[in-house]
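Enquirer: mind folding the following:
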Amino acid sequence: MTRAQTNPVPDTEAHRTTGRTPGRRGRETRERLLKCTAELLEKTSYRDLAVVDIADCAGTSPATFYQYFPDVQEAILALADALTSEAAEVTLLIGNSKWSGKGGFESSLELVDAFLSLWERHRPVLRVVELATAEGDLRFQSVRTHFLNAITKALRDVIAEFKRAGRHPKELDPMAHAGVLVSMLAHVAAHRYGFEFWGIRTNSIRDSSARLLQAGITGKR
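Expert: A predicted model of the protein is given here:
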């Protein structure tokens with residue numbers, strides 16, 4: 001499994017107890033704590049993940065952990081917040097791709113691959129985000145919404161263009177349509193190993209997802 005990655009987080013958010021902007025060592029400590037949190041999530045349920053485990057992995061103390069995060073969930077939320085910048089890369093791909101003609105299917109495949117790759121890189125964190133969202137945790141629900149909303153809006157804009165060109169029914173809501181397509185991608189990405197357990201190969205999942213995506217975007221029958 002690909003190791004989860006973390007992105008730099010603004011210094012203003014780094015030290016929650018003192019309110020001071022941390023120096024280089026403080027930033028390094030925080031990043032080390034986040035890296036260890038991501039690594040431990042790969043093999044431990046987030047409910048079983050303890051502050052002492054993260055601190056031990058990072059070579060520091062629980063007291064130091066609490067200088068940066070009030071609990072384990074807040075550390076996971078910091079990891080999840082960093083996904084927004086990677087979602088922006090997917091939105092750029094959507095905006096810069098050719099969706100009609102012969103290149104439309106290739107663009108759809110590229111989008112599916114980009115989404116699956118993003119999910120795989122951060123699978124341990126996104127697993128927690130999905131579970132906590134389903135349980136009604138509004139903090140994780142907000143992170144998930146922001147993470148997927150940019151991608152949904154980018155697809156909405158492309159779908160709206162095809163609607164104006166008469167490729168979609170007048171009553172179609174581009175945002176709702178885009179939301180359904182992104183939900184499909186998220187579900188496929190989250191359960192790809194379950195599909196493989198059923199004997200469905202990843203290449204077949206990619207192909208089917210891309211065909212549904214192209215049809216959903218362009219209205220092509």
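
Enquirer: kindly provide the distance from Leu181 to Glu120.
Expert: 19 Å (Cβ to Cβ, to the nearest Å). Bear in mind the C-beta positions are built from the backbone N, C-alpha and C, glycine included.

Enquirer: scratch that, Ala58
Expert: 25 Å.

Enquirer: over to Ala55?
Expert: 28 Å.

Enquirer: repeat for Arg24
Expert: 32 Å.

Enquirer: what about the lengthiest helix in the chain, average pLDDT?
Expert: Counting by DSSP state H, the longest helix found in the chain is helix 138-164. Computed over helix 138-164, the mean pLDDT rounds to 93.

Enquirer: which other helices and strands contact that helix?
Expert: helix 72-81, helix 83-96, helix 123-134, helix 174-190, helix 202-218 (3 or more Cβ pairs under 8 Å, 6 or more residues apart in numbering; DSSP states H and E).

Enquirer: so how far is Ala88 from the residue sitting furthest away from the middle of the chain?
Expert: Outermost residue of the chain with respect to the C-alpha centroid, by Cα atoms, centre = their mean, is Gly166; its distance is 32.5 Å. Distance, Gly166 to Ala88, by Cβ to Cβ: 31 Å.

Enquirer: ok, His168 next?
Expert: 26 Å.

Enquirer: would you map out the domains in this structure?
Expert: 11-79, 82-218 (automatic domain parsing).

Enquirer: what helix or strand is the closest residue in space to Cys36 that isn't next to it in sequence on?
Expert: In this structure, Cys36 finds its nearest non-sequential neighbour in Cys57, 3.7 Å apart by Cβ to Cβ, 6 or more residues apart in numbering. Using DSSP states H and E, Cys57 falls within helix 51-58.

Enquirer: do Thr37 as well
Expert: Counting by DSSP H and E, Thr37 is part of helix 24-41.

Enquirer: average pLDDT across that helix?
Expert: 92.

Enquirer: what helices and strands are in contact with it?
Expert: Against helix 24-41 (3+ Cβ pairs under 8 Å, 6+ apart) you get helix 51-58, helix 62-68, helix 72-81, helix 123-134.

Enquirer: tell me the buried residues in the second one?
Expert: Going back to what we said before, that points to helix 62-68. Applying a neighbour-count criterion of 16 or more other Cβ atoms under 10 Å, one finds 64-65, 67-68 buried in helix 62-68.

Enquirer: if we can go back for a sec, tell me which of Arg24 and Glu120 has more neighbours.
Expert: When neighbours are counted by other Cβ atoms under 10 Å, Arg24 and Glu120 differ, and Glu120 comes out ahead with 14 against 7.

Enquirer: does that one touch Ala189 like I think?
Expert: Yes: judged on Cβ atoms under 8 Å, Glu120 makes contact with Ala189 at a distance of 7.5 Å.

Enquirer: now do the SS call for Pro70.
Expert: On the three-state scheme (DSSP: H, G, I helix; E, B strand; the rest coil), Pro70 is labelled coil.

Enquirer: mind checking pLDDT for it?
Expert: 95.

Enquirer: ok, now Arg221?
Expert: So, for Arg221, pLDDT stands at 67.

Enquirer: over to Ala14?
Expert: 43.

Enquirer: equivalent analysis for Val112, please.
Expert: Reported pLDDT for Val112: 96.
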